[in-house]
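> The following block contains a protein sequence and its predicted model.
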Number of protein chains: 2
Amino acid sequence: MKKKITLKHIARELGVSISTVSKALKNSEEIGSDTKEKVQAFAKLYNYKPNNIAISLKNKRTKNIGVIIPDIVHHFFTTVFRGIEKYANAKGYNVIVCVSDESFDREVINMELLANGSIDGFIMALSAGTQLKNDYNHLKEVTEQGIPIVLFDRVTEDIKCDKVIINDKKGAYNAVTKFIKDGRKRIAMITTEDYFSVSRERAAGYREALSDNGIAYNEDLILKFPSMTIDEKVIEDFFNREKVDAVLSVNEIFAIHSMRLVQSKGLKIPEDISFIGFTDGLLSKYASPGLTAVAQHGEHMGEIAAEMLIEKVESELEEETYTTRVLEPTIIERGSTVN
Amino acid sequence: MKKKITLKHIARELGVSISTVSKALKNSEEIGSDTKEKVQAFAKLYNYKPNNIAISLKNKRTKNIGVIIPDIVHHFFTTVFRGIEKYANAKGYNVIVCVSDESFDREVINMELLANGSIDGFIMALSAGTQLKNDYNHLKEVTEQGIPIVLFDRVTEDIKCDKVIINDKKGAYNAVTKFIKDGRKRIAMITTEDYFSVSRERAAGYREALSDNGIAYNEDLILKFPSMTIDEKVIEDFFNREKVDAVLSVNEIFAIHSMRLVQSKGLKIPEDISFIGFTDGLLSKYASPGLTAVAQHGEHMGEIAAEMLIEKVESELEEETYTTRVLEPTIIERGSTVN
DNA sequence: GAAGGCGACTAAAACGTTTTCGGTAATATT
DNA sequence: AATATTACCGAAAACGTTTTAGTCGCCTTC
C-alpha cells in the first residue's frame, strides 16, 4: 500500500523547502526553471495530488455543496438533483446529499452537521414537517453565519435567500383552462393540505382559471389528502359520490390511482373523463393512456439553483440582494386528454 | 453576520489556553470543574461547534462516504442510495454523490477528485462505459492507497474488494421456472448486451431454467438491446416475428414498452402472454396490469454496502479479507402473470 | 565602493483542531 | 523539612496546504 505523498515528502526527498515545492507545482515565476522541472517530474512520478481537506481548511472553502431534500426516491427531486450535480461538477464542486425524510428534526440535524465547515452553501427543498411546523430558525441561523442558501420548489417567504420555483399557479391555471376549452364542466382537483407552498399555489391557479371562465368554484370537487400517502377507499368514495369529467392532480401517484379506479368502473379516458397531473415523471409517460402532465423541468431547476448558489459563494462582496427565479411550466399532452 | 466561533476565540475571551478550552469541552478530567463550567457555558452561549474540516485534517478521517453511481434518475439506484444514506447518517457519516452518467471518463474523474482526502471510502456501481472498456485501474489505484471500496450490483471479478449483489441468476431462474409452471412454452427474454455483469447472470439463469425443464434454448427468442435506450421499431418487429407466451425483461422499461405493444395488438395479459420484469419499481407497481417483478431489495443492499464500508473504514487492522454478500431476489406477483 | 535591484529560495504563520508532554503550585506523605 | 503526589493548566507539535515576508548572494549602476 503506497501511502499518499505530501509536499513535505517531496521537499525532503529533493532537498528543498516545502514552499519551493508548492510554488514549483504552481509554476510560480519565483522558482528557477530547473528546480521547477525537477519538482514537477518528481510529483508526476509519484502521482502527487494536493490534499483537499488541507486546502479547504486553508481557504475556508470546501468546494462542496450541501443538498437537503425530503426524499431521494422521488422522480422530481432526482431530476433536480441531476441538474445540481451536473452544474456543480462542471464547476469543480462536489455535492453532499442529506435526506430529511420529510421530517423537521432530520432537516435540522442534517443542516447543523453540514454547516460546521463541510459545505460552502445549501440547496434545499423544505420538508413537509418543516412547512407544517412553519419554523425556519435553522435556516436563519445558517444564513446568519454567512452560509448562502438556495431554496427550490418548496420555499417560504420567511427566509431571505435566493429561490427557484416553477410558476405552479400558472401551471394549474393552464391545465384547467385546457380542460375548459375541451368542454369539461365538472373539474375536480386532487391535492394535499395547504401547508405545502406548491399545493396552495396550484389551488389558486385552479380557482382563478374557473373564475376567469365563469365556472363556480365547488368545494365538493376538491379531494384533499393530509399527506403524500394515499387511501384507496377515499378515492373510491370520492368518485362514487361526485360526477366529474376532468381531474387535475397535484402529483402523479394520485392521478394514476384515480385513473385506474375510474377505468375499473368502466369509464373511458379521455372520452368520459380527462386527467392532467403535475410532475412529468415516469408514471405519466408509461401509464395507459399516457398521462398529460404539467412538466416542472426539474433538471433545469437544479442547474439554476446550483448556478445561483455558486455565484453567491464565489462572489466576494456581501450584497444582500436575493432573487427568485420563476420557471414556466409546460403541458406535455398525452392520451389522458383530448387534443 | 456573526462569524463562526473557534476555540481560539473562546480561549482569548476567557483568558485561558486553547488546549484548556478543547479539553474542557470534552469534559476532560484534567480541567477544574469551575473552569469547565465557565468554558461550557460560554461555548453554549455562542453556539460553538467544532470545525469539521479541521478535525478531518487532524484525524485523517472525514466521516464522508463517496458514492458513485451511473445514474441518479433511476429507481433502483435511488433506493440503494436511500439505504446507504440512512445507514451512513445513523453512523455519523455524510454521503457525497457523484454521477458517472454511465461514462468511464466521468467515473475516473470523480474518483480521483474524491480520493484526495474528501472521503474515507467508496460505494459504487460500475458505469456501462467502464464495464465495456473492462478497465479497472482507477479502482486499483484507489484501493492501493488504502481507501476501501464496496461494489454493489454492477461488480467485477478484477477488483479485490467487498461486494454486495443480488443473485441475479437465481432471480431469472425463478422467474422462468414460474413461467414454465404456468404452462408457458415460448418464453422470450429482453435484455442488454452481455458486458453488464447483471445481464450475463440473468441470461445464465434463464438458460438454466429452460434446460432444467427440458425446454430447448432458442436464440430467436432473445431480444438484445445494445444500451438502455429503446427502439420501438425493434420491439414491434420482434413481436410480429416471434410467437411468445411469456417475456422476462431485464428491466421495467423494456417490459412496459412490450406490454403496451402487445396490448395494442389485441393480446390479453396475462391470458395470452405473461410478463415478468427485473427491478420492482414504480412502473411495475402502477402499470396495468401490474407487472410481476423480481425485486432487488435496493434499500437493503445499500444498507449492507454502507455497513461493510464503515466496518472496513473503522477497523484499525489491515486485514486483506474481502467478502461478497449475495442477496436473494424475490418475485412480487402482480397482474401480468397468472397465479 | 556603496546602494540598489534581482533571482532563487526559505522560514514561518495561518487555517482549527487534538494530544502529548511538561510545568507549577498546592497538598499529601514520610 | 524534604520529597512525592496531585490537580490544574499551557506550550507546542501535528495534520497539509498557501502565502507573506524575508534572506542571501550576485550583478548593476553611478
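All right, it came through fine. Residues are numbered from 1 along each chain as shown, chains lettered A, B, ... in the order given.

> hey, let's count contacts and neighbours off CA atoms from now on
Noted.

> Just the CA trace of the helix or strand residue A:122 falls within, in PDB.
Assessed by DSSP states H and E, residue A:122 sits inside strand A:121-124. Output of strand A:121-124 as PDB, limited to C-alpha atoms (Å, rounded to 0.1, in the frame of the first residue of the first chain):
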ATOM      1  CA  GLY A 121     -23.700  26.600   0.800                       C
ATOM      2  CA  PHE A 122     -27.000  24.800   0.800                       C
ATOM      3  CA  ILE A 123     -29.600  23.900  -1.900                       C
ATOM      4  CA  MET A 124     -32.700  22.600  -0.400                       C
END
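
> Whether it contacts chain B - can you check?
No. Residues of strand A:121-124 are not located near chain B by Cα under 8 Å from any Cα of the partner chain, the shortest gap being 13.7 Å.

> and that strand, what other elements does it pack with?
Using 3 or more Cα pairs under 8 Å, 6 or more residues apart in numbering or on different chains; DSSP states H and E as the contact test, the elements touching strand A:121-124 are strand A:64-69, strand A:149-152, helix A:298-314.

> Could you list which residues are in contact with residue A:132?
Residue A:132 makes contact with A:195, A:196 under the criterion Cα atoms under 8 Å, 6 or more residues apart in numbering or on different chains.

> Locate it within the secondary structure: which element?
helix A:128-133.

> list the buried ones in whatever helix or strand comes next after that helix?
Once helix A:128-133 ends, the next helix or strand along the chain (criterion: DSSP H and E) is helix A:137-144. By 16 or more other Cα atoms under 10 Å in any protein chain shown, the buried positions in helix A:137-144 come out as A:139, A:140, A:142, A:143.

> Check the offset of the helix holding residue A:132 from the chain's centre.
Centroid displacement of helix A:128-133 relative to its chain, using Cα atoms, centre = their mean, to the nearest Å, is 17 Å.

> go on, stretch A:96-104?
For stretch A:96-104, the distance to the chain centre is 12 Å (Cα atoms, centre = their mean).

> And chain B, is it touching that?
Yes. Using Cα under 8 Å from any Cα, stretch A:96-104 reaches chain B at A:96, A:97, A:98, A:99.

> does residue A:229 belong to a helix or a strand, and which?
Going by DSSP H and E, residue A:229 is not in any helix or strand.

> for the residue of the stretch 51-200 of chain A found nearest chain B, helix, strand, or coil?
Closest to chain B within the stretch 51-200 of chain A is residue A:96: 4.2 Å, counting by Cα to the nearest Cα. Secondary structure, DSSP: H, G, I helix; E, B strand; the rest coil: residue A:96 is strand.

> returning to what we had before: in a markdown table: the helices and strands packed on strand A:121-124, plus distance to residue B:84 and mean pLDDT.
Below are these laid out as a markdown table (distance: least, Cα to Cα, whole Å; pLDDT from 0 to 100):
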| stretch | distance to residue B:84 | mean pLDDT |
| --- | --- | --- |
| strand A:64-69 | 15 | 98 |
| strand A:149-152 | 24 | 98 |
| helix A:298-314 | 23 | 97 |
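
> As CSV, these with distance to DNA strand C and mean neighbour count would be great.
CSV is the format used below for those (distance: least, Cα to the nearest atom of the strand, whole Å; neighbours: other Cα atoms under 10 Å in any protein chain shown):
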stretch, distance to DNA strand C, mean neighbour count
strand A:64-69, 17, 25
strand A:149-152, 20, 26
helix A:298-314, 17, 22
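
> Find the nearest non-adjacent residue to residue A:165, please.
Excluding the flanking residues, the one nearest residue A:165 by Cα to Cα, 6 or more residues apart in numbering or on different chains is residue A:153, at 4.7 Å.

> in its sheet, what does the strand holding residue A:122 sit against?
As defined by DSSP bridges, the strand partners of strand A:121-124 come to strand A:64-69 (parallel), strand A:149-152 (parallel).

> Nearest to residue B:326, out of those?
With Cα to Cα as the measure, strand A:64-69 is the member of the strands paired with strand A:121-124 nearest residue B:326 (30.7 Å).

> For chain A, what lies in contact range of chain B?
A:1-4, A:49-54, A:56-57, A:72-73, A:75, A:78-79, A:81-82, A:85, A:94-99, A:116-118, A:144-146, A:256-257, A:260, A:282-283, A:286-288.

> filter those down to the ones close to DNA strand D.
A:49, A:50, A:51, A:54, A:57 (Cα under 7 Å from any atom of the strand).

> any idea whether the last one is helix, strand or coil?
Okay, so that is residue A:57. Reduced to three states by three-state DSSP, residue A:57 is helix.

> Hmm, it is touching residue B:53, no?
Yes. Here residue A:57 reaches residue B:53: they are 6.0 Å apart, a contact under Cα atoms under 8 Å.

> So between these two, which is more surrounded?
Per other Cα atoms under 10 Å in any protein chain shown, whichever of residue A:57 and residue B:53 has more neighbours is residue B:53, with 27 against 18.

> List the contacts of the residue nearest the centre of chain A.
In chain A, the centroid-proximal residue (Cα atoms, centre = their mean) is residue A:80; its distance is 4.4 Å. Residue A:80 is in contact with A:298, A:299, A:300, A:301, A:302, A:303, counting by Cα under 8 Å, 6+ apart.

> Any chance of the backbone angles for it?
Main-chain torsions, residue A:80, degrees, to the nearest 10: phi -60, psi -40.

> Model confidence score at it, please.
Here, the pLDDT recorded for residue A:80 equals 98.

> quick one: it from residue A:305, how far?
9 Å (Cα to Cα, to the nearest Å).

> Please apply the same query to residue A:127.
Taking Cα to Cα, one finds residue A:127 at 17 Å from residue A:305.

> check contacts around residue A:291.
By Cα under 8 Å, 6+ apart, the contact list for residue A:291 reads A:256, A:275, A:276, A:277, A:283, A:284, A:285, A:333, A:334, A:335, A:336, A:337.

> now residue A:267
residue A:273.

> What segments of chain A are helices?
Assigned by DSSP state H, chain A shows helices spanning A:7-14, A:18-25, A:33-45, A:52-59, A:75-90, A:104-115, A:128-133, A:137-144, A:168-181, A:197-212, A:232-241, A:252-264, A:282-286, A:298-314.

> Name the residues of the fifth one that come out as buried.
Within helix A:75-90, the residues that qualify as buried by neighbour count (16+ other Cα under 10 Å) are A:75-89.

> got it, and the third one?
By neighbour count on 16+ other Cα under 10 Å, the buried set for helix A:33-45 is A:36, A:39, A:40, A:43.

> does the last one really touch residue A:8, like I thought?
No. With contact taken as Cα under 8 Å, residue A:43 and residue A:8 are classed as non-touching, separated by 11.5 Å.
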